[in-house]
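Undergrad: Kindly return the folded structure for what I paste below:
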Amino acid sequence: MLQLMGPLALPLLLCSSLVLAILAERSWFFLASAPTAERLAERFTQLRPQEAKDPGPVGEALANLLLTQAEAQLTRFLPWLRILAAISPLLGLLGTVFGMMEAFETIAGQDRPITPALVAEGISHALTTTAAGLIIAIPALLGHSLFALKAQNRLKTATEALTLSHHGLEVTL
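TA: Down below sits the predicted model:
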C-alpha cells in the first residue's frame, strides 16, 4: 500500500504516527493524571494556606497561576492535532495531483490506443493517497475536538472550585 502512495507515503506515515501518538498520550493523560478541580483546589490551599482564605491579590494571582498551568497541561499537543488534521487531507490531495499527472504522462507517451489498464496505476495512486489523508484527518479532528471540549470542561470546573476555595467555601464536586 505504501508503494501506491508514491512520494507522499513517508509524510502521510509520519502524520499518521504523530496523530496516533498524540491521541494515545492525551487519552492516557485524561484517564490517569489530568488535573481535576479537586486536585487544583487542594493544591491551592496547600501552597498558600493563608492566601487561600484571603480573597486578596496574592490569593487571586495564585489561583490564576494554577489555572494557567492546568490549561497548559490540558491543552498540550492539541494544536498539533489541529495542524495534522488540516495537513493530512492536503497531502492526500497532493497525491491525487501527482497520481493524475502520472496517469496523463502515461497517456501522453502512448502511440497506440489507450486502455484503462494504462492509466489505472496513476489513478490508484491518486485514490490511495486521498483516502490515506482522510483516514488520518478524521480521527485527528475528532480527537482534537473531544480533548478540547474535555479540557474546557475541566478548566471551567476548576475555575469554579478555585473561586469557592479562594473565598473559604467548601469545595464539593
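Undergrad: Give the full set of residues in contact with residue 34.
TA: Residue 34 makes contact with 73-74, 154 under the criterion CB atoms under 8 Å, 6 or more residues apart in numbering. Glycine gets a C-beta too; all of them are placed from N, C-alpha and C.
Undergrad: if I look at it, how far off is residue 46?
TA: Computed as CB to CB, to the nearest Å, the residue 34 to residue 46 distance reads 19 Å.
Undergrad: check which helix or strand covers the residue sitting nearest the centre point of the chain.
TA: Nearest to the geometric centre of the chain sits residue 81, at 2.3 Å (CA atoms, centre = their mean). Using DSSP states H and E, residue 81 falls within helix 78-108.
Undergrad: From the chain's centre, how far out is that helix? Work that out for me.
TA: 20 Å (CA atoms, centre = their mean, to the nearest Å).
Undergrad: average pLDDT for it?
TA: Helix 78-108 shows a mean pLDDT of 92.
Undergrad: now the angle from the helix or strand just after it to helix 78-108?
TA: Note on helix 78-108: by DSSP H and E, the next helix or strand toward the C-terminus is helix 116-166. Using axes from the mean of the first three to the mean of the last three CA atoms, to 10 degrees, the inter-axis angle of helix 116-166 relative to helix 78-108 is 170 degrees.
Undergrad: tell me what helix 116-166 is packed against?
TA: Secondary-structure packing of helix 116-166 (3 or more CB pairs under 8 Å, 6 or more residues apart in numbering; DSSP states H and E): helix 9-28, helix 37-47, helix 57-74, helix 78-108.
Undergrad: Take those helices and lay them out in CSV including distance to residue 159.
TA: Formatted as CSV, these follow (distance: least, CB to CB, whole Å):
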stretch, distance to residue 159
helix 9-28, 21
helix 37-47, 8
helix 57-74, 6
helix 78-108, 19
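Undergrad: Quick one: closest of those to residue 158.
TA: helix 37-47 (4.4 Å; CB to CB).
Undergrad: Could I get the phi/psi values of the closest residue to residue 107 other than its chain neighbours?
TA: Nearest residue to residue 107, sequence neighbours excluded (CB to CB, 6 or more residues apart in numbering): residue 114, at 5.6 Å. The phi/psi pair for residue 114 (degrees, to the nearest 10) reads phi -80, psi 130.
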